[in-house]
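> I'll drop the sequence and a predicted model, then ask my questions.
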Amino acid sequence: MNICKSERLNIRQFNVNDAAFMLTLLNEESFIRNINDKGVRTLQDAKKHLIENPIASYQQHGFGLYLVELGNTNTPIGICGLLKRETFDFPELGYAFLPAYWGKGYALEAANSALHYEINTHSLAKVIAVTAPENESSKALLTKLGFSQCGMVELYNTNNNLFEYINTSDNNS
């Protein structure tokens, strides 16, 4: 199911047929370094990960991480969306892209589209984001989106930057 579109991208819900892409992304060195090693090593692991994480989140929360595709070819290039962790009171913006698509503005475009779609759809007052302290590109992206750094938080047994986005629009009440 398509969630939203931007100028160059389609953002849609995952399904189990996206397992090969998920397997590739989750095993990128940059994903493991900047996010976490999810231990997904086979196509079957990737299908299980999709079912238990983004697909389950759509059913439980009404949102989740989505597949980001190039609009003109439907080539999968990354993930973006909101996730809800038990450890946080607010939904968290998450994103990751294959390195071949870095530096082209896709992450900013996808994050901006997904963030505002979810804020409007779910009347969210606040969204958080977490980045590794050394991930300067993510810090810059979050700042461009209007997030402010508000502290540090432990995630995956390491200290990370905590950012927040406060929705100030009138339609949030």
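That came through fine.

> where in the chain is pLDDT low?
170-173 (pLDDT under 70).

> same thing but 80
Within the chain, the segments meeting pLDDT under 80 span 1, 156, 169-173.

> quick one, strands of it?
Assigned by DSSP state E, the strands in the chain fall at 2-5, 9-12, 65-70, 76-83, 92-97, 126-131, 148-155, 158-166.

> Which one, of those, ends up nearest to residue 140?
strand 126-131 (10.0 Å; CB to CB). Placement of C-beta: from N, CA and C, glycine included.

> Only alpha carbons, please: show the closest one as CSV.
In CSV, the C-alpha atoms belonging to strand 126-131 read as follows (Å, rounded to 0.1, in the frame of the first residue of the first chain):
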residue,chain,number,x,y,z
LYS,A,126,6.0,15.1,19.2
VAL,A,127,8.3,12.7,17.3
ILE,A,128,11.8,11.8,18.4
ALA,A,129,14.9,10.5,16.6
VAL,A,130,18.1,8.8,17.8
THR,A,131,21.5,9.0,16.1
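
> got a list of contacts for that strand?
For strand 126-131, the external contacting residues (CB atoms under 8 Å, 6 or more residues apart in numbering) are 34, 82, 88, 90-94, 115, 118-119, 138-139, 142, 147, 153, 155, 160-167.

> Go ahead and build a ChimeraX selection from the buried members of these.
Buried members of the contacts of strand 126-131 can be picked out in ChimeraX with the line below, counting by 16 or more other CB atoms under 10 Å:
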select :82,90,91,92,93,94,115,118,119,138,139,142,147,155,160,161,162,163,164,165,167
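
> Tell me, how many residues neighbour residue 65?
Residue 65 has 25 neighbouring residues, counting by other CB atoms under 10 Å.

> Report the beta-bridge partners for it.
residue 81 (DSSP bridges).

> any idea how far residue 76 is from residue 153?
Distance of residue 76 to residue 153, computed by CB to CB, to the nearest Å: 29 Å.

> Look up how far residue 86 lies from residue 21.
Separation of residue 21 from residue 86 (CB to CB): 27 Å.

> ok, those two, which is more surrounded?
Neighbours of residue 21 and residue 86, each counted by other CB under 10 Å, are more numerous for residue 21; the result is 20 against 5.

> residue contacts, that one?
Per CB under 8 Å, 6+ apart, neighbours of residue 21: 67, 76.

> Burial check on residue 110, number of neighbours?
Using other CB under 10 Å, residue 110 has 27 other residues around it.

> wouldn't it be in contact with residue 70 here?
No. With contact defined as CB atoms under 8 Å, residue 110 does not reach residue 70; the gap is 10.8 Å.

> Give the residues shared as contacts by these two.
By the contact definition CB under 8 Å, 6+ apart, residue 110 and residue 70 are jointly contacted by residue 9.
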